[in-house]
Structure formats: C-alpha cells, structure tokens
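> here's my sequence, what's the structure:
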Amino acid sequence: MPSIAPYDLGEFVERTVFLGDTPVFALADGHLHLPAGGGSVLQAHDGGLLCAAYDPFSDRLLTGGEDGKVMALGAKGQLSELASIGAKWISSVAGGPNGAAGFGSGRTAYARAGDGTLKQRAFERTVEGIAFAPKGFRCAIARYDGASLYFPATEAEPAFLEWKGAHLDVAFSPDGRFVVTTMQENALHGWRVSDGKHMRMTGYPAKVKDWSWSAKGKFLATTGAPAAILWPFSGKDGPMGKAPLELGTRGDTMVTAVACHPSEDMLAIGYQDGMILAVRFQDQKEALLRRGGTAPVRTMAWDGGGRLLAFGSETGEAGVVDIAG
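Model (predicted):
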C-alpha cells in the first residue's frame with residue numbers, strides 16, 4: 001500500500017514539482033515551500049504568485065508574480081531573479097533549451113536567452129500562454145483566435161495559426177511536430193507545425209485546466225471530464241481520426257489534475273474530491289494512491305525515478321506519495 005507524507009500548507013498550491021529529489025510547492029501567496037528534510041520557505045514574490053512552471057530543460061521551477069518579476073529556483077535550492085519589468089503582472093512562464101526562459105505580460109511576450117539577453121515582441125492580442133519548441137530558440141504563444149510561432153532572436157514576422165476563440169495555454173509536443181492549445185470553451189485545438197493542419201479535440205463537459213505528455217510523447221493526458229482523456233500523438237496526423245483513451249472513469253466527480261509517469265505508460269489522476277489514482281494505459285488497471293481530501297487536487301508531479309508523487313490542492317492540502325509504500 002502506498003504511504004503518504006502529508007503537509008498542510010494553508011494556501012492555494014499553484015504548482016508542485018520535483019527538483020532532483022526535492023519536492024517543491026509554489027503557493028499563490030508568493031512563497032515556495034520545500035518541506036522535506038526539516039523544511040524551508042522562500043519568498044519568491046512580493047504579492048501574489050500568478051504562474052509557475054517546471055523547466056525540464058534546466059531542472060528548475062520558474063515563477064511569475066504580481067510584482068513584475070520572473071524567478072527561478074534551481075535544483076540546489078538557489079533562488080534567482082531572471083527578469084523584472086516593473087509594475088506589470090506576469091501571466092505565464094516557460095523554460096526553453098540552453099537555459100532559455102519565456103514569459104508573457106499583457107500583449108508582450110518576452111524571451112530570455114541563456115546568456116541573459118532579453119528580447120520582447122508585441123502582439124495585437126493578450127499573450128495568454130507561452131512555450132518553447134524542444135529544439136532551437138523558437139516560441140509559441142496562445143492568444144485570441146489562435147497561436148503564433150516566432151523566433152525571438154530574429155525580426156521575422158510570426159507565423160499565425162488561426163482558430164476562432166480564446167486560447168489560454170500552449171504546448172509543443174515533445175518531438176516538436178505539433179502545437180496544442182487549451183481553450184476557453186471545453187476543447188483543445190492543435191496544429192501540425194509543418195503545414196498548419198488542424199486538430200480538433202472536443203467533447204469535454206468542462207474546461208481543460210491541466211495536461212501532461214506521456215513518456216516519449218505518445219499521448220497527451222488532460223482533465224476536463226469525469227475521466228482522464230488521453231489523445232494519441234504517435235502518428236503523422238496526431239489524434240485525428242482516432243479515439244482517445246479514457247482512464248480512471250468516475251461518474252460522480254471530475255478529474256482536476258494529471259501527471260504522466262516519467263518512464264512507464266502510467267498516469268496519476270487527481271479528482272475534485274481529493275482522490276488520486278494511478279492507472280496503467282494498456283490494461284487500465286487502477287491503484288489507489290490517496291482516498292480523498294477536503295479540496296480538489298490542483299497539481300501533481302513525479303520525481304525522476306517515478307516512485308514519488310507530490311500533490312497539492314486548492315486549500316493547501318499537500319503531500320508526497322511513495323507508491324512503493
């Protein structure tokens with residue numbers, strides 16, 4: 001039976017990540033909690049934390065806040081300031097290759113190269129989400145009526161991938177072949193980067209608020225339903241013409257968080273009532289990791305070895321599950 005080390009952090013958990021073997025919880029009040037080994041608390045922002053993301057390229061946590069700052073917490077616990085743009089809110093952050101980082105504020109997207117050079121580009125619409133391609137210094141942003149692809153180091157005009165509606169977040173597939181966005185409506189939309197071919201992913205009863213790529217990028221797991229919805233991306237056309245997998249179906253509560261295992265075809269699924277299941281793709285075998293809590297699971301993350309799972313909720317309930325017991 002899995003064992004849980006519980007924590008009561010007393011604040012909305014925006015993001016949890018593992019930096020090396022250390023679980024980190026980024027709270028909406030601007031603090032970062034590192035509870036293991038006696039525990040420590042770092043203040044990343046004056047005022048609220050608005051966004052946080054794990055940077056898989058550099059094994060660090062990136063955060064943005066109401067104070068106009070972008071901060072980075074490294075694997076050794078060092079907290080550093082990457083950028084400060086004054087009295088402007090940072091709405092999205094992302095890590096990129098070779099130490100790059102990107103962030104959005106209002107209608108401006110910023111890209112910081114590994115050497116500290118900061119480039120900015122203005123768009124006609126608000127920059128809702130930002131992501132880096134897995135190779136090269138190329139960014140995607142989510143915006144109203146679609147997504148834009150551009151190279152921050154050049155003055156070339158961005159390529160616009162159009163689809164009507166409000167697009168809130170954006171991600172490249174791990175192989176760089178596809179760009180996918182979450183939308184204000186209950187849907188995802190995607191494009192094939194090589195030719196802009198559309199991919200519609202609809203049928204959700206609620207808005208998709210969390211997603212996770214599986215090992216090797218075969219599937220994109222998403223929330224927004226009473227089951228985790230996994231779209232297949234291994235073929236040349238992505239999920240088009242293919243039915244998604246539905247894992248961990250429960251008729252009485254919604255999936256609110258997903259985290260794919262780092263090496264196996266297995267998914268951790270968090271629910272509205274605080275329950276967490278682990279489910280295998282192939283046979284849909286389920287293992288109960290947490291019976292439930294008092295609030296929806298907001299965020300989850302595996303450690304690199306795939307044995308420990310950190311989770312955080314909307315009320316500050318948090319913990320680390322050891323699936324080996």
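> okay, now the unreliable bits of the stretch 101-250 of the chain?
Within the stretch 101-250 of the chain, no range satisfies pLDDT under 70.
> one more time with 90, if that's ok
216, 235 (pLDDT under 90).
> which residues in it form strands?
Secondary structure of the stretch 101-250 of the chain (DSSP state E, counting those that start in this stretch): strands at 101-105, 108-112, 118-122, 129-132, 139-150, 159-172, 178-183, 188-192, 198-201, 211-213, 219-222, 228-232, 245-247.
> of those, which is nearest P262?
In terms of C-beta to C-beta, the element of the strands of the stretch 101-250 of the chain nearest to P262 is strand 211-213, at 10.5 Å. (C-beta placed from N, C-alpha, C; glycine too.)
> now for the closest one, which elements pack on it?
strand 159-172, strand 219-222, strand 255-260 (3 or more C-beta pairs under 8 Å, 6 or more residues apart in numbering; DSSP states H and E).
> same list (the strands of the stretch 101-250 of the chain) but as CSV, adding distance to A318 and mean neighbour count.
Formatted as CSV, those follow (distance: least, C-beta to C-beta, whole Å; neighbours: other C-beta atoms under 10 Å):
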stretch, distance to A318, mean neighbour count
strand 101-105, 25, 26
strand 108-112, 30, 22
strand 118-122, 33, 15
strand 129-132, 25, 25
strand 139-150, 28, 23
strand 159-172, 23, 18
strand 178-183, 24, 26
strand 188-192, 28, 23
strand 198-201, 30, 17
strand 211-213, 18, 21
strand 219-222, 21, 25
strand 228-232, 21, 24
strand 245-247, 23, 19
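> out of the ones you listed, which is closest to A72?
strand 101-105 (7.1 Å).
> paired strands for that closest one, with orientation please.
The strands that strand 101-105 pairs with in its sheet are strand 92-95 (antiparallel), strand 108-112 (antiparallel) (by DSSP bridges).
> among these, which is nearest A295?
Smallest distance to A295 across the strands paired with strand 101-105 (C-beta to C-beta): 24.2 Å, for strand 92-95.
> T202 reaches N186, doesn't it?
Yes - taking C-beta atoms under 8 Å as the definition, T202 is a contact partner of N186 at 7.4 Å.
> give me the more crowded residue out of these two.
N186 (15 against 10; other C-beta atoms under 10 Å).
> any idea how far A36 is from D195?
Counting by C-beta to C-beta, to the nearest Å, the separation of D195 from A36 is 47 Å.
> give me every residue that touches the closest residue to H198 other than its chain neighbours.
Among residues not flanking H198 along the chain, W191 sits closest, at 6.2 Å (C-beta to C-beta, 6 or more residues apart in numbering). Taking C-beta atoms under 8 Å, 6 or more residues apart in numbering, we find W191 in contact with 147, 161, 163, 178-179, 197-199.
> what's across from W191 in the sheet?
Bridge pairing for W191 - DSSP bridges - gives V179, H198.
> ok, it to L245 distance?
Taken as C-beta to C-beta, the span from W191 to L245 is 22 Å.
> now do P35
Taking C-beta to C-beta, one finds P35 at 34 Å from L245.
> what does L73 give?
From L73 to L245 the distance is 34 Å (C-beta to C-beta).
> CSV for the helices and strands packed on strand 211-213, including distance to L309?
Putting the helices and strands packed on strand 211-213 into CSV (distance: least, C-beta to C-beta, whole Å) gives the following:
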stretch, distance to L309
strand 159-172, 21
strand 219-222, 14
strand 255-260, 7
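> tell me which of those strands lies nearest to K88.
Closest to K88 of those is strand 159-172 (C-beta to C-beta; 19.1 Å).
> which residues touch the closest one?
92, 128-134, 140-150, 178-185, 189, 191, 193, 196, 198, 211, 213, 220.
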